[in-house]
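S.K.: predicted structure and sequence below. I'll ask about it afterward.
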Amino acid sequence: MKISGKFDVTLEPMDTYATGAEGANLGRMSINKNFHGELSAQSQGEMLSVMTAVKGSAGYVAIEQVVGTLSGMTGSFVLQHYGMMSGGKDTLILEVVPDSGTGELLGLSGNMTIKVDGGQHIYEFEYTKPQ
């Protein structure tokens, strides 16, 4: 199945444990999202990021737990993020963590893409329904 919709996101800075080496600016943020559409859910998570001294080069990882309804099925699942930017070109991978689904989402697998268009966040979620 493939669905798409919009989401709202709030990122809040958190205390950072590590202090980067010269030229690396490490950050830690909380993630709070509200998904709209066939994925009607809320999520909470944490992000670790680094901005390098070279403009357009950065990286981040994040974990977020999504709780709500997916195409009429209720439960939760966890998304893992891996993002990299080099020379202003980005790569972003979001995948459902294997065996993280609960309730009617037990056994869920899939991946998500995120776009920002005119300030609006849009997701596309391609997933396999639990059996």
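M.R.: Arrived safely.
S.K.: can you report phi and psi for residue 104?
M.R.: Main-chain dihedrals, residue 104, degrees, to the nearest 10: phi -70, psi -10.
S.K.: how far away is the closest residue to it other than its chain neighbours from residue 98?
M.R.: Distances taken as Cβ to Cβ, 6 or more residues apart in numbering place residue 73 nearest to residue 104, at 3.8 Å, with adjacent residues excluded. For the C-beta atoms, the positions are set from N, CA and C on the backbone; glycine is no exception. Noted for residue 73: a distance of 18 Å to residue 98, by Cβ to Cβ, to the nearest Å.
S.K.: who has more neighbours, the two?
M.R.: residue 73 (15 against 11; other Cβ atoms under 10 Å).
S.K.: the more buried one: what's it in contact with?
M.R.: 103, 104, 105, 129, 130 (Cβ atoms under 8 Å, 6 or more residues apart in numbering).
S.K.: give the residue spans of the protein that score low on pLDDT.
M.R.: 20, 130-131 (pLDDT under 70).
S.K.: partner residues bridging the most centrally placed residue in the chain?
M.R.: Among the residues of the chain, the one closest to the centroid is residue 81, at 5.2 Å (Cα atoms, centre = their mean). Applying DSSP bridges to residue 81 yields these beta-bridge partners: residue 62, residue 94.
S.K.: so it makes contact with residue 48?
M.R.: No. At 9.9 Å, residue 81 does not count as touching residue 48 under the criterion of Cβ atoms under 8 Å.
S.K.: what touches both of these two?
M.R.: Overlap of the contact sets of residue 81 and residue 48 (by Cβ under 8 Å, 6+ apart) consists of 60, 61, 62.
S.K.: the last one and residue 87: what is the separation?
M.R.: In this structure, residue 62 lies at 22 Å from residue 87, with Cβ to Cβ as the measure.
S.K.: okay, these two: which has more neighbours?
M.R.: More crowded of residue 62 and residue 87, by other Cβ under 10 Å: residue 62, with 18 against 9.
S.K.: thank you, goodbye.
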